[in-house]
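K.L.:
Predicted structure and sequence below. I'll ask about it afterward.
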Amino acid sequence: MRYLLGAVSALVLVASSASGALSQSGSVSSAVGGYSFSDAAKEAEGTKNFHSNDGVLTFAIVTHTAGNGFFDPVYVGATVAADLIGAKVLLLGSESPTDDPAREIEILNQIVNDPTLDGLIMTTPQVGAYDDIVRAAEKAGIPIATTNSFDPNLLNRSSISHTGQDASAAAIAGEALVKCLQERGITQGSIILPNDTAMGNIEVNNRVTSAYNAIVKALDAAGILANFKVDAGPENVGVAADMNDPANSIVSLIESRGDVVGAFAGNNVFTPALVSAVQQTGNTDKMCAYGFDLGPAQQEGIKSGNLTGALGQQPFLQGFWPVMQLYLQIDRGISAANLDTRAQLVTKDTVANVGKRFEN
């Protein structure tokens with residue numbers, strides 16, 4: 001009984017302490033302007049009838065490649081956000097497993113004229129190709145948000161929000177590559193950064209440049225830059241490779257040089273190709289090979305040792321935030337709130353964490 005009474009006394013003491021904490025001075029119950037926070041937190045009366053006037057917000061998200069799995073977590077993020085705000089979201093994109101801006105633009109031209117649409121989210125991998133879409137959406141009164149790939153020259157760019165990974169994140173892979181060389185005791189050789197600039201994806205080109213600069217800087221800091229030939233082409237946006245035959249292109253680069261000890265690929269076309277090339281040339285667990293994105297091919301490559309690591313873009317955010325941004329723009333007048341999704345380096349030690357709910 002003594003112990004029971006002691007426990008009850010302790011419980012009363014905790015309860016009274018909690019009550020006291022809630023009654024402490026400094027608590028804020030209303031805004032300085034006089035309105036209540038609970039009233040101000042409510043959705044605006046006309047939000048659900050914005051544009052389409054049908055009692056429900058409908059957003060569409062259109063990507064340039066829905067066929068390779070990268071955008072799956074983007075679509076999941078968009079769905080989660082839409083569920084939170086009671087909206088509908090149309091998940092659209094090119095059926096191709098490789099970049100297909102032409103098909104994306106075809107879909108965009110169709111959806112922008114849909115009278116039930118209240119907001120449009122799109123990727124913009126081909127610089128200069130989306131201005132007509134922006135004009136049509138603005139004429140129809142439909143707000144736009146861009147995601148994933150970034151077109152810096154997009155019409156009215158400063159008033160359109162963007163969610164995506166800044167290309168400078170590729171430096172994380174460049175630094176990791178040099179660390180890998182040092183840990184393996186590799187003191188000389190060639191490092192290649194294959195890319196096909198004909199793809200017209202400036203974001204990928206910028207990634208290659210960022211990775212190249214990071215590799216050179218790290219090698220120089222270690223005092224071993226002179227021992228390596230780092231090749232990212234004459235303009236540091238990638239040594240020439242063929243996007244139509246990426247694996248064989250990289251195999252040719254490796255075999256023709258004979259001393260390739262490191263490689264970096266900047267997108268979902270050349271990274272799986274790098275995985276295949278490393279295996280074909282007998283460099284499994286030997287070459288320091290890094291890439292981008294975390295689709296099935298990248299995950300399997302990391303597990304098998306044909307890819308040392310890959311950078312995830314945290315694409316869940318690239319679907320979640322644009323939907324929320326459009327909602328906030330409609331309901332709160334908040335526009336052009338950009339989000340940098342940064343990057344996470346995934347290696348053999350952490351690849352098991354990547355999956356349906358944690359893919360990035």
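P.N.:
That came through fine.

K.L.:
Distance of the closest residue to residue 128 other than its chain neighbours relative to residue 91?
P.N.:
Computed as CB to CB, 6 or more residues apart in numbering, the closest residue to residue 128 that is not its neighbour in sequence is residue 153, at 6.2 Å. Every C-beta, even on glycine, is put in place using the N, C-alpha and C of the backbone. Look at residue 153 and residue 91: by CB to CB, to the nearest Å, they are 27 Å apart.

K.L.:
between those two, who's got more neighbours?
P.N.:
residue 91 (18 against 11; other CB atoms under 10 Å).

K.L.:
Hmm, residue 78 and that one touching each other?
P.N.:
Yes. Taking contacts as CB atoms under 8 Å, residue 91 lies within contact range of residue 78: 6.8 Å.

K.L.:
shared neighbours, the two?
P.N.:
Common neighbours of residue 91 and residue 78 (criterion: CB atoms under 8 Å, 6 or more residues apart in numbering): residue 61.

K.L.:
so residue 190 is in which element?
P.N.:
Residue 190 belongs to strand 189-192 when assigned by DSSP states H and E.

K.L.:
thought residue 149 was touching residue 205?
P.N.:
No. Judged on CB under 8 Å, residue 149 makes no contact with residue 205 at a distance of 11.3 Å.

K.L.:
Helix or strand: which one has the residue nearest to residue 128?
P.N.:
Applying DSSP H and E, one finds residue 153 in no helix or strand.

K.L.:
ok, and the closest non-adjacent residue to the spatially most central residue of the chain?
P.N.:
Nearest residue to the geometric centre of the chain (CA atoms, centre = their mean): residue 313, 3.2 Å. Leaving aside its sequence neighbours, residue 313 sits nearest to residue 165 (CB to CB, 6+ apart; 4.4 Å).

K.L.:
what do you get for residue 198?
P.N.:
Nearest to residue 198 is residue 243, by CB to CB, 6+ apart, at 7.2 Å.

K.L.:
and residue 108, what does it touch?
P.N.:
By CB under 8 Å, 6+ apart, the contact set of residue 108 is 62, 120, 122, 130, 133.

K.L.:
if I pick the spatially closest residue to residue 168 that is not a sequence neighbour, what's in contact with it?
P.N.:
Leaving aside its sequence neighbours, residue 168 sits nearest to residue 210 (CB to CB, 6+ apart; 5.0 Å). Contacts for residue 210 (CB under 8 Å, 6+ apart) come out as 167-171, 174.

K.L.:
Inside strands: which ones of these?
P.N.:
The members of the contacts of residue 210 all map outside strands under DSSP state E.

K.L.:
rewinding a little: just the pLDDT at the residue nearest to residue 168, thanks.
P.N.:
We have a pLDDT of 98 for residue 210.

K.L.:
Check the secondary structure at it for me.
P.N.:
Per DSSP: H, G, I helix; E, B strand; the rest coil, the secondary structure class of residue 210 is helix.

K.L.:
Wait, a strand at residue 62?
P.N.:
Yes. The assignment for residue 62 is a strand, going by three-state DSSP.

K.L.:
how much space between it and residue 225?
P.N.:
Distance, residue 62 to residue 225, using CB to CB: 44 Å.

K.L.:
show me the contacts for the residue nearest to residue 64 when sequence neighbours are not counted.
P.N.:
Sequence neighbours aside, residue 104 is the residue nearest to residue 64 in space, at 4.3 Å (criterion: CB to CB, 6+ apart). Shown in contact with residue 104 (CB under 8 Å, 6+ apart): 62-64, 93-94, 122-123.

K.L.:
got a winner among the residues you listed for most neighbours?
P.N.:
Highest neighbour count within these: residue 122, with 32 neighbours (other CB under 10 Å).

K.L.:
For that residue, give me the backbone phi and psi.
P.N.:
Backbone torsions of residue 122, given as degrees, to the nearest 10, read phi -150, psi 150.

K.L.:
Nearest residue to it in space, please, no chain neighbours.
P.N.:
In this structure, residue 122 finds its nearest non-sequential neighbour in residue 62, 4.9 Å apart by CB to CB, 6+ apart.

K.L.:
pretty sure that neighbour contacts residue 121?
P.N.:
Yes. Using CB under 8 Å, residue 62 is in contact with residue 121, at 7.1 Å.

K.L.:
any idea how far residue 94 is from the residue nearest to residue 96 when sequence neighbours are not counted?
P.N.:
The shortest distance from residue 96 to any non-neighbouring residue, by CB to CB, 6+ apart, is to residue 67 (5.1 Å). Distance, residue 67 to residue 94, using CB to CB: 7 Å.

K.L.:
again, but for residue 256
P.N.:
Residue 256 is 33 Å from residue 94, by CB to CB.

K.L.:
In a strand, residue 145, correct?
P.N.:
Yes. Counting by three-state DSSP, residue 145 falls inside a strand.

K.L.:
For it, which non-adjacent residue is spatially closest?
P.N.:
Sequence neighbours aside, residue 322 is the residue nearest to residue 145 in space, at 4.0 Å (criterion: CB to CB, 6+ apart).

K.L.:
Quick check: next helix or strand after the strand or helix carrying that neighbour?
P.N.:
Of the helices and strands defined by DSSP H and E, residue 322 is found in helix 315-332. Next helix or strand after helix 315-332 toward the C-terminus (DSSP H and E): strand 339-340.

K.L.:
Does anything pack onto that following strand? Which helices or strands?
P.N.:
Secondary-structure packing of strand 339-340 (3 or more CB pairs under 8 Å, 6 or more residues apart in numbering; DSSP states H and E): strand 161-164, helix 315-332.
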